[in-house]
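Asks: quick one: sequence and predicted model below, then my questions.
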Amino acid sequence: MLRPKNKLRKGQDPEFRWRGRDVTRVENLSDIVFALSFGLLVTASTAPKTYDGLLKLLASFPSVAFAMAILFMIWNFHFVYFRRYGLVDKPTILFNSILLFLVIFFAYPLKFMADVMLAAIIMVFGNAEPMTEFRIGFSEIGELLALYSLVYGAIFLVMYLMYRHALKQSDALELTASEQNLTKNAMASCLIQVAFGVVIAVLAKFTPLGPWAGFVFMFIGPVSWLIGKRGNRKPS
């Protein structure tokens with residue numbers, strides 16, 4: 001039985017009839033992993049014991065916000081997938097297991113990477129003290145960013161494979177033409193994220209840009225919004 005349309009999803013996914021009714025054990029495990037990942041970003045910093053320590057903690061909020069925004073975007077792709085299709089077959093479990101492994105690998109040191117990038121920005125304005133605390137060079141930051149970008153791309157490659165698997169189940173899921181179009185749009189969005197990861201990794205590793213290639217991440221939001229706006233149009 002297909003899940004009827006309800007007000008809870010009308011704003012986010014109005015053109016898709018959700019097949020996922022009850023939250024499965026696969027989703028429960030996934031939510032635990034995502035919650036742990038979000039927690040790692042917050043607990044990565046020790047509680048301040050001095051006023052200067054408090055100021056440093058407050059100064060790290062932008063990097064925490066950036067890291068959480070990336071994780072939230074990954075979680076939202078994951079959430080929509082299971083609500084739309086409700087698949088818990090072997091391929092979905094396999095893809096989901098790989099995804100969770102990559103998310104944990106990506107999230108654990110993500111706060112460090114975000115802090116390093118913030119310190120690099122501060123250094124541009126003449127204050128090199130935050131960067132000296134990390135004991136890392138310019139080229140090393142570029143290599144680190146390249147590694148993270150590849151993992152980021154790998155996460156969305158797995159999401160692409162999950163959505164492609166759902167599209168192959170169109171007959172079994174009774175997907176309408178509009179729903180198939182939205183699924184293809186989700187696949188395109190995932191491939192855009194993969195492309196961003198690869199491009200940033202190449203720029204960070206093989207060009208003089210080094211860590212400054214990380215600013216390309218700023219274009220992910222606008223590009224994703226344009227892709228989503230285009231894909232939400234009903235097929236003629």
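Replies: Looks like it arrived, so ask away.
Asks: what helix or strand is the nearest residue to residue 210 once chain neighbours are set aside on?
Replies: Nearest residue to residue 210 in three dimensions, chain neighbours excluded: residue 142, at 3.4 Å (C-beta to C-beta, 6 or more residues apart in numbering). (C-beta placed from N, C-alpha, C; glycine too.) Assessed by DSSP states H and E, residue 142 sits inside helix 138-168.
Asks: what about the residue lying closest to residue 108 once chain neighbours are set aside, neighbour count?
Replies: Closest residue to residue 108 apart from its sequence neighbours, by C-beta to C-beta, 6+ apart: residue 40 at 5.6 Å. When neighbours are counted by other C-beta atoms under 10 Å, residue 40 registers 17.
Asks: what do you get for residue 142?
Replies: The number of residues near residue 142, taken as other C-beta under 10 Å, comes to 23.
Asks: quick one: residues contacting it.
Replies: Shown in contact with residue 142 (C-beta atoms under 8 Å, 6 or more residues apart in numbering): 204-205, 209-211, 213.
Asks: which of these has the most neighbours?
Replies: residue 204 (26 neighbours).
Asks: I'd say it and residue 139 touch.
Replies: No. Applying C-beta atoms under 8 Å as the test, residue 204 and residue 139 come out as separate, 9.8 Å apart.
Asks: shared neighbours, the two?
Replies: residue 210.
Asks: ok, back up a step: which pair in the contacts of residue 142 spans the largest distance?
Replies: 205 and 211 (10.7 Å; C-beta to C-beta).
Asks: pLDDT below threshold where in this protein?
Replies: 1-12, 43-49, 51, 53-60, 127-134, 227-236 (pLDDT under 70).
Asks: quick one: name whatever helix or strand follows the helix holding residue 142.
Replies: Under the assignment DSSP H and E, the closest C-terminal helix or strand after helix 138-168 is helix 170-173.
Asks: any chance you could map the strands in the protein?
Replies: Here the chain has no strands by DSSP state E.
Asks: measure the residue most central in space within it to residue 30 for me?
Replies: With distances taken as C-alpha atoms, centre = their mean, residue 74 lies nearest the centre of the chain, 3.2 Å away. According to C-beta to C-beta, to the nearest Å, residue 74 stands 11 Å off from residue 30.
Asks: so where do the helices sit in the protein?
Replies: 7-10, 25-43, 51-59, 61-85, 90-107, 110-124, 129-132, 138-168, 170-173, 177-206, 220-231 (DSSP state H).
Asks: tell me the angle of the fourth one relative to helix 138-168?
Replies: I take that to be helix 61-85. 20 degrees (axes from the mean of the first three to the mean of the last three C-alpha atoms, to 10 degrees).
Asks: quick one: distance of helix 61-85 to the chain centre.
Replies: With C-alpha atoms, centre = their mean, to the nearest Å as the basis, helix 61-85 stands 5 Å off its chain's centre.
Asks: list the buried residues in it.
Replies: 63-64, 66-68, 70-71, 73-75, 77-85 (16 or more other C-beta atoms under 10 Å).
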